[in-house]
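Chemist: Just to be clear, the model below is a prediction. Sequence and coordinates:
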Amino acid sequence: MDSVDEEVDNVALCPSCNTRQGHTILKQKPLKKNKGIDYLLRCEGCGHVHTVIFREPKPVTVQFTLSDGPDSTPFEMEVDDDEIFVNGDEFEALDCIWIITKIEVEGSEKQRSADARNVKRVWASRIDLTRIKRTFSDKDISFSDTIEVEPNKVFSCGTIVKHRGETWRIRALHSGVGRTLSGKMVAKNIRRIFLHRPPS
C-alpha cells in the first residue's frame with residue numbers, strides 16, 4: 001500500500017461533511033482500459049476517508065454551422081464529452097472569432113446550454129469582423145457594395161469617403177430599425193450606409 005501525503009489539485013465533495021474540501025491522496029489505482037483512476041482520499045475538513053473515481057472524458061465530435069455574413073459553413077470540432085456549450089459563449093475556429101447563437105439537442109429545437117454528448121448542432125456567427133452594405137447614389141445612378149470592418153469601428157454622417165478614386169459623403173446610417181442623417185454609429189449596429197456625391 002502506497003501511503004502518500006500529496007495534495008489533490010481539485011477539491012472534491014466529501015460525503016461525510018457534505019462540503020467541497022481539499023483532499024489528501026492516500027492511495028491511487030488506475031482502472032482497466034484507461035477508464036480513469038480510483039483514488040482513496042482523506043478530507044482535510046473532517047478527516048473522513050472515502051473513494052472517488054476520476055474518469056477521463058471521452059472525445060466526441062460536435063457539428064457546427066458557422067455563419068459569416070450571408071455565408072454559412074459546416075464545421076466539426078472534437079471536444080471532451082463533458083464540455084458545456086452556452087449561448088453567448090465565444091470561441092476561435094478557422095482563424096476567426098465566433099459567438100454561439102443557437103444550440104440544438106435531440107428532441108428540442110434549441111436550448112440555452114447543453115453538454116457536448118447531447119448536442120445535435122451548434123450555430124455560431126462571426127464577431128471579429130462586421131459586414132456592412134453601402135449604397136452609393138449620384139442623381140439617377142446608384143450601386144452597392146459590401147465592406148468588412150472591425151465591429152467597433154465608428155462611422156459618422158458627413159464623413160468624406162474615397163471609393164474607386166472618387167469622392168463620396170456619408171449621408172445616412174441605417175441600423176435596421178431606423179435611419180439617422182446625423183451623428184455616429186458603431187459598425188456592429190449598422191446594416192447599411194448611404195452615400196451621396198458631396199456638393200460641388
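Modeler: Alright, I've got the coordinates. Quick caveat, the model's predicted, so the values are computed rather than measured.

Chemist: okay, now Glu106: neighbour count?
Modeler: Number of residues near Glu106 (other Cβ atoms under 10 Å) recorded here: 8. Where C-beta positions appear, they are placed from N, C-alpha and C, glycine not excepted.

Chemist: Find the nearest non-adjacent residue to it, please.
Modeler: Nearest non-adjacent residue to Glu106, counting by Cβ to Cβ, 6 or more residues apart in numbering: Lys120, 5.7 Å away.

Chemist: Let me see the contact set for the closest residue to Val49 other than its chain neighbours.
Modeler: Nearest non-adjacent residue to Val49, counting by Cβ to Cβ, 6+ apart: Arg42, 5.0 Å away. Applying Cβ atoms under 8 Å, 6 or more residues apart in numbering, we find Arg42 in contact with His23, Thr24, Leu26, His48, Val49.

Chemist: From these, keep the buried residues only.
Modeler: By neighbour count, with 16 or more other Cβ atoms under 10 Å, the contacts of Arg42 hold His23, Thr24, Leu26 as buried.

Chemist: Who does the residue nearest to Val49 form a beta bridge with?
Modeler: Applying DSSP bridges to Arg42 yields these beta-bridge partners: Thr24, Val49.

Chemist: Quick check: the gap between it and Gly36.
Modeler: According to Cβ to Cβ, to the nearest Å, Arg42 stands 20 Å off from Gly36.

Chemist: likewise Lys27?
Modeler: 15 Å.

Chemist: Can I get the helix or strand Thr61 falls within as CSV, trimmed to CA atoms?
Modeler: Using DSSP states H and E, Thr61 maps to strand 59-68. Provided in CSV are the C-alpha atoms of strand 59-68 (Å, rounded to 0.1, in the frame of the first residue of the first chain):
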residue,chain,number,x,y,z
PRO,A,59,-13.8,12.8,-27.1
VAL,A,60,-16.9,13.5,-29.2
THR,A,61,-17.3,15.3,-32.5
VAL,A,62,-19.7,18.2,-32.4
GLN,A,63,-21.3,19.6,-35.6
PHE,A,64,-21.3,23.4,-36.1
THR,A,65,-22.8,25.8,-38.6
LEU,A,66,-20.7,28.9,-38.8
SER,A,67,-22.3,32.0,-40.3
ASP,A,68,-20.1,34.7,-41.8
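
Chemist: quick one: contacts for the nearest residue to Glu90 once chain neighbours are set aside?
Modeler: Ranked by Cβ to Cβ, 6+ apart and with sequence neighbours excluded, the top spatial neighbour of Glu90 is Ile99, at 5.1 Å. By Cβ under 8 Å, 6+ apart, Ile99 lies in contact with Gly88, Asp89, Glu90, Ala124, Ser125, Ile127.

Chemist: Leaving out chain neighbours, which residue sits closest to Lys29?
Modeler: Asp38 (4.5 Å).

Chemist: so that neighbour makes contact with Lys32?
Modeler: No. Between Asp38 and Lys32 there is no contact under Cβ atoms under 8 Å: 10.4 Å.
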